[in-house]
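Student: Dropping a prediction and its sequence here:
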2 protein chains.
Amino acid sequence: MSRFHGPHTIALGSAVAELETPSLVVDLDAMERNIARMASFAAQAGLRWRPHAKLHKCGALALQLIAAGASGCCVQKLAEAEAMQAAGVNDIYISNEVLDARKLQRVAQLAQSARLAIATDSTLGVRRLAQAMAKTSPNSHIDVFIEINVGQNRAGLHSDDDLVVLAREIASHPPLRFVGLHAYHGGAQHIEDASTRAQTMQHSYARVRNAQAKLAAAGFADLEVTGAGTGTFALEAASGIYTELQPGSFLFMDAHYAQVSPVPHQPVFEHALFIKTQVISCAPTHVVVDAGHKSHAIDSGLPVVWNDGRTPVYQFANGGDEHGIIRPCETAASAQLPAWGDNLWLVPGHCDPTVNLHDVLIGVRGGLHEGHVERLLPVDARGALW
Amino acid sequence: MSRFHGPHTIALGSAVAELETPSLVVDLDAMERNIARMASFAAQAGLRWRPHAKLHKCGALALQLIAAGASGCCVQKLAEAEAMQAAGVNDIYISNEVLDARKLQRVAQLAQSARLAIATDSTLGVRRLAQAMAKTSPNSHIDVFIEINVGQNRAGLHSDDDLVVLAREIASHPPLRFVGLHAYHGGAQHIEDASTRAQTMQHSYARVRNAQAKLAAAGFADLEVTGAGTGTFALEAASGIYTELQPGSFLFMDAHYAQVSPVPHQPVFEHALFIKTQVISCAPTHVVVDAGHKSHAIDSGLPVVWNDGRTPVYQFANGGDEHGIIRPCETAASAQLPAWGDNLWLVPGHCDPTVNLHDVLIGVRGGLHEGHVERLLPVDARGALW
């Protein structure tokens, strides 16, 4: 955590109006409504729900989700798993490949103090994991999912040829338990049209069914299937294949997710993560705010200038690392520009890497205008890349 | 700094080959050659040189640049200035507008313990700064530059109409010293063709000359002019207008700067900042590495896969927050893919926001293959947004 002035010096109870800029602010009321909606959906679907902590990287929020019904949390990095375990989470799934032998020693160590699961797609990874478990934690065990490529064309087995061999390899090592398939299609989450998205996912589900059949024929039955993100989870739930849902972004809702048409019958979530900014310079046709892409990630598009849920009046243009340029939207071309010192609130295009830029999430109660600071939520796993 | 496993646990003297991934690594030999080239250039040009610390955010590197001839450092954020002052830098220029009254109290506080300068483009900002200085540091002073828009169309005065009024406003407050013009064109730095870039900058210099003439007619003579970045500094130096150069990126050299043709007679710099990654998954036509855009910024393009200065054999495709996808370049289509566990080195597209993602720069001596860890350089101002 930065040793210099920053959000961690804020007093609880402070007025939101007093927060300096740029600040990363969570609307706790909106977030908690999002949690209740997802918890209710998972309960009605009868599915386990292990939301991804790569979004919030915050032990306190992982525990809050568990209190609401989540079984644990997913992470992408071992160091994130260590941070969540240190915060008291005792059911953690590292939904990613880990291959380095020293890291696998740490995985084995972690398996002593948490119910731990990990993804794999290689015999080498499985053998190294087994060696690490045998050496470090011979009396513990770890759940292993085989990742299969269901359309993102990133990691995961790209064909079924090696599937049974890999499952047998896992099963041959007593500390390892082959529990099922990891089948996540990251690329599908942001397909804007819901029916195109649903069609894309049908290919993914067919791939899972084929893999299940192949494994069943080799004697591997009753397997878990884990996956799903905020753009598709209602489809996975309806597929009848998945046993566990991983979505995390529903908690805060990226600006881009607002442009993604929802799947029928899925809960609708609210934006709950904001950057508070201040106008520091005024020009004839634009103003400049003090938030640039060191304050918010722009990999999935620029932030949206929040208008309390109404159609935006201003649009954000990239002003570099430390600046944002604000102009009226085309649909509000005659809108008056903000003035020096005015505050604007931004909805980040992509929340996960935005949170990773900050040390603290400032949790406010009572809204962005009249509210006060209720919680300071440290981003425990910020920068946890290892 | 993350409390979990990370680069800060590395022992000095460790072999580079042993570094875990993804790691942010500085080739100290290359960096020091870059420093020597820039120091020599500035000395021959007879210009003050105050390199921008928004790149490295590291007090130790700011001091190393000062030892090589820099007069101090520039920063974009007050919290960066506080971090540099705490590290022992005593000449700091906040090259950005600060408008918040509480922040200006901190600026005034800082003026007691460092030679401090700040940019402004508003009467409101000047009056608030003067109030803060009068209240907090009546016996100190602060240098004030007026920022003028020289083509980026971001902050800075967009016409000369208010220039003299603003200069007089600054001069009317005894703790404030009006020292000159801030004239930086960020947008020009990455114009790839050198002659187009030079032409663009001619417009900037004309704007500076007009402003100087207007101020001289009002009695403001012998003014400083500060600006320049790694793409244009040789042009500013040759313009005869600038008294101070601010470039910072020459230290590490973004991947994109390698595609920017150098200005004639400017020193050529080497890439000195790298992400070490590991292959964690292999597919028939690509492999996956463990570095995504939580490890490196992609706002100025994707990283380049380093081939020890030779033409790259592999290209990087975006795999999301935690993954990178590696394929052979079109020019090397028959190249064999890397194998599980292989290390690849990435040159970040944009170094400034990449450094900001990490807690520590791992300084290695003796190259990326045979070298060892000589220094661990904390990113003191990581996340210093306030």
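Tutor: It's in.
Student: same for the longest strand along chain A, what does it pack against?
Tutor: Longest strand in chain A by number of residues (criterion: DSSP state E): strand A:273-282. Packing partners of strand A:273-282 (3 or more CB pairs under 8 Å, 6 or more residues apart in numbering or on different chains; DSSP states H and E): strand A:23-27, strand A:287-289, strand A:343-347, helix A:351-355. All C-beta atoms are positioned from the backbone trio N, CA, C, and that covers glycine.
Student: Past the first one, which element shows up next along the chain?
Tutor: From strand A:23-27 onward toward the C-terminus, using DSSP states H and E, the following helix or strand is helix A:28-45.
Student: Just want the angle from that next one to strand A:273-282.
Tutor: Calculated by axes from the mean of the first three to the mean of the last three CA atoms, to 10 degrees, helix A:28-45 forms an angle of 150 degrees with strand A:273-282.
Student: can you list contacts of helix A:28-45?
Tutor: A:48-49, A:51, A:64-65, A:68-70, A:233-234, A:237, A:245, A:247, A:250-253, A:266-272, A:363-367, A:374-375 (CB atoms under 8 Å, 6 or more residues apart in numbering or on different chains).
Student: which of these count as buried?
Tutor: Among the contacts of helix A:28-45, the ones that count as buried by 16 or more other CB atoms under 10 Å in any protein chain shown are A:48-49, A:51, A:64-65, A:68-70, A:233-234, A:237, A:245, A:247, A:250-253, A:266-267, A:269-272, A:363-365, A:374-375.
Student: Keep only those of the residues you listed that are in helices.
Tutor: Among these, the members falling in helices (DSSP state H) are A:64-65, A:233-234, A:237.
Student: about what we covered before: restrict the buried ones among the contacts of helix A:28-45 to those that also contact chain B, please.
Tutor: Counting by CB under 8 Å from any CB of the partner chain, the subset of the buried ones among the contacts of helix A:28-45 that neighbours chain B is empty.
Student: Could you identify the helix or strand that succeeds the lengthiest helix in chain A?
Tutor: The residue-count maximum for a helix in chain A (DSSP H) belongs to helix A:194-217. Sequence-wise, the next helix or strand downstream of helix A:194-217 (DSSP H and E) is strand A:224-227.
Student: Only the buried residues of that next one, if you could.
Tutor: Neighbour counts over strand A:224-227 (16+ other CB under 10 Å) mark A:224-227 as buried.
Student: coming back round to it: if we look at the longest helix of chain A, which residues are touching it?
Tutor: Helix A:194-217 has contacts (CB under 8 Å, 6+ apart) with A:148-151, A:160, A:163-164, A:167, A:181, A:183, A:185, A:188, A:191, A:221, A:223, A:225, A:231-232, A:235-236, A:239, A:241, A:260-264.
Student: hmm, try it at 7 Å
Tutor: Applying CB atoms under 7 Å, 6 or more residues apart in numbering or on different chains, the contact partners of helix A:194-217 are A:148, A:150-151, A:160, A:163-164, A:167, A:181, A:183, A:185, A:188, A:191, A:223, A:225, A:231-232, A:235, A:239, A:241, A:261-263.
Student: Whichever residue of the stretch 251-386 of chain A sits closest to chain B bridge partners, please.
Tutor: Closest approach between the stretch 251-386 of chain A and chain B, counting by CB to the nearest CB: A:Ser281, at 3.7 Å. Using DSSP bridges, the beta-bridge partners of A:Ser281 come out as A:Val288.
Student: isn't it right up against A:Gly319?
Tutor: No - A:Ser281 lies out of contact with A:Gly319 (CB atoms under 7 Å); the separation is 9.8 Å.
Student: Among the two, which residue is more densely surrounded?
Tutor: Neighbour totals were compared for A:Ser281 and A:Gly319, and A:Ser281 leads with 28 against 23 (other CB atoms under 10 Å in any protein chain shown).
Student: okay, the more buried one: pLDDT?
Tutor: pLDDT for A:Ser281: 98.
Student: For the closest residue to chain B within the stretch 51-200 of chain A, give me the pLDDT.
Tutor: Proximity to chain B, evaluated over the stretch 51-200 of chain A using CB to the nearest CB, is greatest for A:Ala155 at 3.7 Å. Here the pLDDT value assigned to A:Ala155 is 97.
Student: Now it. Nearest residue, chain neighbours left out?
Tutor: Once flanking residues are discounted, A:Ala155 sits nearest to B:Ser281: 3.7 Å by CB to CB, 6 or more residues apart in numbering or on different chains.
Student: Contact partners for that neighbour?
Tutor: Counted by CB under 7 Å, 6+ apart, B:Ser281 has contacts A:97, A:121, A:155, B:287-288.
Student: for A:Thr136, same thing?
Tutor: A:105, A:108-109.
Student: Could you export the residues you listed as CSV, including distance to A:Ala81?
Tutor: Formatted as CSV, the contacts of A:Thr136 follow (distance: CB to CB, whole Å):
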residue, distance to A:Ala81
A:Gln105, 13
A:Ala108, 12
A:Gln109, 11
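Student: need these in CSV with neighbour count and distance to A:Val75, can you?
Tutor: As requested, the contacts of A:Thr136 are exported to CSV (neighbours: other CB atoms under 10 Å in any protein chain shown; distance: CB to CB, whole Å):
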residue, neighbour count, distance to A:Val75
A:Gln105, 17, 18
A:Ala108, 23, 16
A:Gln109, 17, 15
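Student: Which residue would you name as the spatial centre of chain A?
Tutor: A:Leu55 (3.2 Å; CA atoms, centre = their mean).
Student: Is the closest residue to A:Asp352 other than its chain neighbours in a helix, a strand, or coil?
Tutor: Setting aside the residues directly before and after it, A:Asp352 is nearest to A:Leu55 in space (CB to CB, 6+ apart), at 5.0 Å. The assignment at A:Leu55 comes out as coil when based on DSSP: H, G, I helix; E, B strand; the rest coil.
Student: what does the model give A:Leu55 for pLDDT?
Tutor: pLDDT recorded at A:Leu55 is 98.
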